[in-house]
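A.B. asks: build me a model:
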Amino acid sequence: DKMTDSMKLTIDETNRRREKQLAYNEANGITPQQIKKARNLSVFGNAKEADELLKERHAYVEPSTPNIAADPIVQYMSKAQMEKSIERTRKLMQEAAK
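C.D. replies: Just a heads-up that it's a prediction; the model follows:
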């Protein structure tokens, strides 16, 4: 395998950053620690705790409802018009991707 110049630059930059981070950690007495997450939500465990953990995980996730405010015209379209618009947009995207 051949190492290109861009590969070498990237590896060198990564090593430089790693050395800088290690020096910072040592100067400030920081010991890197592994992130600790719940491994599983067993059905044999406490269901209430599992529910609370799931709520915490999704506490800051925005709802997955479509955002119609971005295109107010959509509110006034019939189902057929909406499907036609979606198909037109899909074709335009496929042409642009070529």
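
A.B. asks: dump stretch 77-97 to CSV, keeping only the CA atoms.
C.D. replies: Provided in CSV are the C-alpha atoms of stretch 77-97 (Å, rounded to 0.1, in the frame of the first residue of the first chain):
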residue,chain,number,x,y,z
MET,A,77,-52.4,21.6,-0.9
SER,A,78,-54.7,18.7,-1.6
LYS,A,79,-53.3,15.2,-1.3
ALA,A,80,-53.0,14.9,-5.1
GLN,A,81,-51.2,18.2,-5.3
MET,A,82,-48.9,17.2,-2.5
GLU,A,83,-48.0,13.9,-4.2
LYS,A,84,-47.4,15.7,-7.5
SER,A,85,-45.1,18.2,-5.8
ILE,A,86,-43.2,15.4,-4.0
GLU,A,87,-42.7,13.5,-7.3
ARG,A,88,-41.6,16.7,-9.1
THR,A,89,-39.1,17.4,-6.3
ARG,A,90,-37.8,13.8,-6.3
LYS,A,91,-37.2,14.0,-10.1
LEU,A,92,-35.3,17.3,-9.7
MET,A,93,-33.2,15.9,-6.9
GLN,A,94,-32.4,12.8,-9.0
GLU,A,95,-31.4,15.0,-12.0
ALA,A,96,-29.2,17.2,-9.8
ALA,A,97,-27.5,14.1,-8.4
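
A.B. asks: and it, how far out from the chain's middle?
C.D. replies: Remark: stretch 77-97 is offset 27 Å from the chain centroid, using C-alpha atoms, centre = their mean, to the nearest Å.

A.B. asks: what average pLDDT does that stretch get?
C.D. replies: Stretch 77-97 shows a mean pLDDT of 91.

A.B. asks: now the helix or strand in which residue 22 is found: buried residues?
C.D. replies: Using DSSP states H and E, residue 22 sits within helix 5-27. Residues of helix 5-27 include none that count as buried (16 or more other C-beta atoms under 10 Å). To be clear about C-beta, it is placed using only N, CA and C from the backbone, and glycine gets the same treatment.
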